[in-house]
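Student: Build me a model:
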Amino acid sequence: MDDRTAAILDILRALTAQTFAVTMRHPSRSAERSFVGATLFEYAVAAGLVPAKMGGSAMADGYLVVTAEDDVHVVVALAEVWPTMTGKQVFLAYEQDGEALRNGVRLVCDGDYLSGRSLGGIVSVELRQVGRSTVAASEPGRVVVNGLLDRPVTLDAASLRERAPIEVTTVATTGHGGQPIPPRVYVGPRLYEVLDSAGIRLDPAVNEAFLTKIVVATSADGHAAVIAGAELEPRFMNGDVIVTAEADGALRLMVPFDRKPGRWAKDLVSIELREG
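Tutor: Model (predicted):
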């Protein structure tokens, strides 16, 4: 076993062991699996990567890069693992179906179809944060979509209406000071379809290269929100993240499955596809 994996395993075994039941889904079959380990959040806290408590903006702009011994890596948004933000099971396991994993530690993201981010032999977990940005709005109500795209595009309320919309309903949540926010309905095109129509640039030599990507949505006030590629990709989590227009024409990113509004970026000025 790699010494780096052994170090991760030592931290995991010092945490309270939890059992996770997961359905591993593939196009032609599915299998029920039982894992023992700890959540990725608990590991990140124990390893000193993140504090046990963090403000919404810091949570929204962070992500974890998880790397296996063969140098394959995937990205997990910090919001995906934060307990108050998500109901997902994202964990690091050291046992599967009652037996110790031969490669030591495995990342499992329950809810990812095709098990795309299920990596074995984990050797590192690294926190990265985008931070505040100084991106300036080209014009009010317009957002530049660029980055790893062949055909960057600028969106406004009118151009959004020309794209195929979906309707999403947010979960009941709370805002600043614990103020309740009831479910709300928003309409707009899927973020993935916006990116796909702009020509997502991928490395053909990298298997499932979109799983290493992040989308950074930046508001006029510099607030940044990070969405992991796997949250958007139709063959994986296929999350209904949309771009919607407010009544005043300002554009907004909506992540309806988040329990907190940290990534509901408003007054968008930039959406950038980046390498994580």
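Student: shaky segments in the stretch 101-250 of the chain?
Tutor: Low-confidence regions of the stretch 101-250 of the chain, defined by pLDDT under 70, span residues 133-138, 175-176.
Student: Can you name the residues in contact with stretch 86-95?
Tutor: Here stretch 86-95 makes contact (Cβ atoms under 8 Å, 6 or more residues apart in numbering) with 8-9, 12-13, 18, 20, 22, 35-41, 43, 76, 79-81, 100-101, 104-111, 122, 125, 257-259. (Each C-beta comes from the backbone N, C-alpha and C, glycine too.)
Student: got the CA positions of it in CSV?
Tutor: Presented in CSV, the C-alpha positions along stretch 86-95 are these (Å, rounded to 0.1, in the frame of the first residue of the first chain):
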residue,chain,number,x,y,z
THR,A,86,-26.4,18.5,1.0
GLY,A,87,-28.1,15.2,1.7
LYS,A,88,-25.6,13.3,-0.4
GLN,A,89,-23.3,10.5,0.8
VAL,A,90,-19.8,11.3,-0.2
PHE,A,91,-17.3,9.3,1.7
LEU,A,92,-14.0,7.6,1.9
ALA,A,93,-14.3,3.8,2.6
TYR,A,94,-11.8,1.3,3.7
GLU,A,95,-14.1,-1.8,3.7
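Student: Can you go through the contacts of stretch 86-95 and name the buried ones?
Tutor: 8-9, 12, 20, 22, 35-41, 43, 76, 79-81, 101, 104-111, 122, 125, 257-259 (16 or more other Cβ atoms under 10 Å).
Student: Are we agreed that Arg151 is in a strand?
Tutor: No: counting by DSSP: H, G, I helix; E, B strand; the rest coil, Arg151 is not part of a strand but coil.
Student: which residues of the stretch 1-150 of the chain fall in strands?
Tutor: Along the stretch 1-150 of the chain, the segments classed as strands by DSSP state E, counting those that start in this stretch run 18-25, 30-39, 62-68, 73-77, 90-96, 99-100, 106-109, 122-129, 143-147.
Student: Adding distance to Arg163, write these out as JSON lines.
Tutor: Converted to JSON lines, the strands of the stretch 1-150 of the chain look like this (distance: least, Cβ to Cβ, whole Å):
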{"stretch": "strand 18-25", "distance to Arg163": "29"}
{"stretch": "strand 30-39", "distance to Arg163": "33"}
{"stretch": "strand 62-68", "distance to Arg163": "27"}
{"stretch": "strand 73-77", "distance to Arg163": "24"}
{"stretch": "strand 90-96", "distance to Arg163": "31"}
{"stretch": "strand 99-100", "distance to Arg163": "48"}
{"stretch": "strand 106-109", "distance to Arg163": "28"}
{"stretch": "strand 122-129", "distance to Arg163": "31"}
{"stretch": "strand 143-147", "distance to Arg163": "12"}
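Student: which one of the ones you listed has the most crowded surroundings?
Tutor: Greatest average neighbour count among the strands of the stretch 1-150 of the chain goes to strand 73-77 (a mean of 25), per mean count of other Cβ atoms under 10 Å.
Student: tilt between the helix ranked longest in the chain and strand 90-96?
Tutor: Of all segments of type helix in the chain, defined using DSSP state H, the longest is helix 3-13. Taking axes from the mean of the first three to the mean of the last three Cα atoms, to 10 degrees, one finds helix 3-13 and strand 90-96 inclined to each other by 100 degrees.
Student: name the helices or strands packed onto helix 3-13?
Tutor: Judged by 3 or more Cβ pairs under 8 Å, 6 or more residues apart in numbering; DSSP states H and E, the packing partners of helix 3-13 are helix 40-46, strand 90-96, strand 122-129.
Student: residue ranges of the helices in the stretch 151-276 of the chain, please?
Tutor: For the stretch 151-276 of the chain, the helices defined by DSSP state H, counting those that start in this stretch cover 157-161, 191-197, 229-232.
Student: between these, which gets nearest to Gln96?
Tutor: helix 229-232 (20.8 Å; Cβ to Cβ).
Student: Now tell me what touches that closest one from outside.
Tutor: 74-77, 80, 109, 112, 116-117, 190-192, 195, 210-215, 236-239, 241, 276.
Student: quick one, domains of this structure?
Tutor: 3-129, 143-275 (automatic domain parsing).
Student: Many thanks, have a good one.
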